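Q: Compute the structure for the input listed below.
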Amino acid sequence: MVGPIEEASPLVAIVGPTAAGKSALALALAASLDGEIINYDSVQLYRGFDIGSGKLPPQERRGVPHHLLDCLEAGDQFTAGDYRREALRVLEQIKARARLPIFVGGTGLYLRALFMGLFDGPPRSEGLRRRLHALAERRGREFLHRLLGRLDPMAAARIQPRDAQKTARALEVCILARTPISEMQARGRSGLVGYRVVRVGLHPDRRQLCQRIDARVEAMFTRGLLEETRALLARQERSPFKALGALGYRQASAVAQGELSLPEAVLQTQVATRRYAKRQMTWFRHEPGIIWVGGFGDDPRVQGQVINLLLEVGIAARRSGGP
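A: A predicted model of the protein is given here:
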């Protein structure tokens, strides 16, 4: 006899551009809907990357459990596949406690890997990757792309000729697996099962968002981003920390190494972060099933709107004392 089909567990993911108040909204949802927060920001995974990543300090987390924060050393390598594996492990733990998982962050690729799955490719080879990037520097990015075109024309057609990172990864897979990456991707992926996912997107006014970004960048440098970056640079050995290439850290590193003045670094970080926010919105607009809400996540009216929206779709029951 076939048993009853297990009811899908609820899951909420908050998406949107940087500085839109996603963390504040996540805290409000967790407090009202008995939730736990799971980070999907690639830089916040690393210990020591606090100010520049916008990581919420422990004293501001209101006692809400946070997961996948400070779980890596600065020099550790971590892929989207690694994130999927760790997120699935945390999800099972939260499910066992009958609480609501709430994803918040800014690395859209991590969410896509979790919800849609990844093709079963070979593990990365740092040695091969270094050789491919050295080849790109010596012969040019277009040369690398032409090489991919000979090994996998379909993959080359989907990747821009000057996108050295994606080209190198596609070549890496083709060489290690001895199979075109496009063929491996066509075999299908295993998406997330057993969960009912509701994705809520914050869509604040663009002008106000830019103002918030500029103020946040200034505050990061005032709070000690340069000192944090110098401490990280001092810990580097032979291999540079990948996360030091992130926004803010990259510019602060240039100041620490005498390549930029502090005012130039602040301005460059503001401009780059505004552009990054625009790219984030472009990415998430192409993701299916997002419920968009106008405004910022730290606005109590927006928080109430999202809580009511989740209650209406039956995602969770209201706790006593919630807003």
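Q: Identify the residues contacting the residue nearest the centre of the chain.
A: Closest to where the C-alpha atoms of the chain average out (CA atoms, centre = their mean) is Thr107, at 1.6 Å. Contacts for Thr107 were tallied using CB atoms under 8 Å, 6 or more residues apart in numbering; they are Tyr40, Asp41, Ser42. C-beta here means a position set from N, CA and C on the backbone, and glycine is covered the same way.
Q: Heading C-terminal from the host helix or strand of Ala134, find the next helix or strand.
A: Taking DSSP states H and E as the definition, Ala134 sits inside helix 126-139. Sequence order places helix 141-151 as the next helix or strand after helix 126-139, per DSSP H and E.
Q: That following helix - contacts with which helices or strands?
A: helix 126-139, helix 153-158, helix 164-177 (3 or more CB pairs under 8 Å, 6 or more residues apart in numbering; DSSP states H and E).
Q: Restrict the shortest one to CA atoms and write it as CSV.
A: Spelled out, it's helix 153-158. Below are the C-alpha coordinates for helix 153-158, written out as CSV (Å, rounded to 0.1, in the frame of the first residue of the first chain):
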residue,chain,number,x,y,z
PRO,A,153,30.8,24.9,-30.1
MET,A,154,27.5,25.0,-28.3
ALA,A,155,29.1,26.2,-25.1
ALA,A,156,31.2,28.8,-26.9
ALA,A,157,28.0,30.1,-28.6
ARG,A,158,26.5,30.8,-25.2
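Q: Now it: average pLDDT?
A: Helix 153-158 comes out with an average pLDDT of 87.
Q: Arg199 and His66: what is the separation?
A: 20 Å (CB to CB, to the nearest Å).
Q: what do you get for Ala156?
A: As defined by CB to CB, Ala156 lies at a distance of 41 Å from His66.
Q: Please apply the same query to Leu244.
A: On the measure of CB to CB, Leu244 and His66 end up 23 Å apart.
Q: still on that earlier bit, for the helices and strands packed on helix 141-151, state which one has the densest average packing.
A: Mean neighbours per residue, mean count of other CB atoms under 10 Å, is largest over those for helix 164-177, with a mean of 20.
Q: tell me which strands and helices it is in contact with?
A: helix 126-139, helix 141-151, helix 153-158, helix 181-186.
Q: tell me which element Ile38 is part of?
A: According to DSSP H and E, Ile38 maps onto strand 35-39.
Q: Please list the residues outside that strand that contact it.
A: 12, 26-27, 29-30, 45, 61, 64-69, 87, 90-91, 94, 97, 99-105, 316.
Q: for the contacts of Thr107, which one is nearest Asp205?
A: The nearest member of the contacts of Thr107 to Asp205, counting by CB to CB, is Asp41 at 23.0 Å.
Q: Next up, the contacts around that closest one.
A: Counted by CB under 8 Å, 6+ apart, Asp41 has contacts Ser53, Gly54, Gly105, Gly106, Thr107.
Q: most surrounded residue in the residues you listed?
A: Gly105 (28 neighbours; other CB atoms under 10 Å).
Q: ok, then the element right after the helix or strand bottoming out on mean pLDDT in the chain?
A: Lowest on mean pLDDT, DSSP states H and E among the helices and strands of the chain sits helix 181-186, with a mean of 74. Using DSSP H and E, the helix or strand that directly follows helix 181-186 along the chain is strand 195-203.
Q: That's all I had, so thanks and see you.
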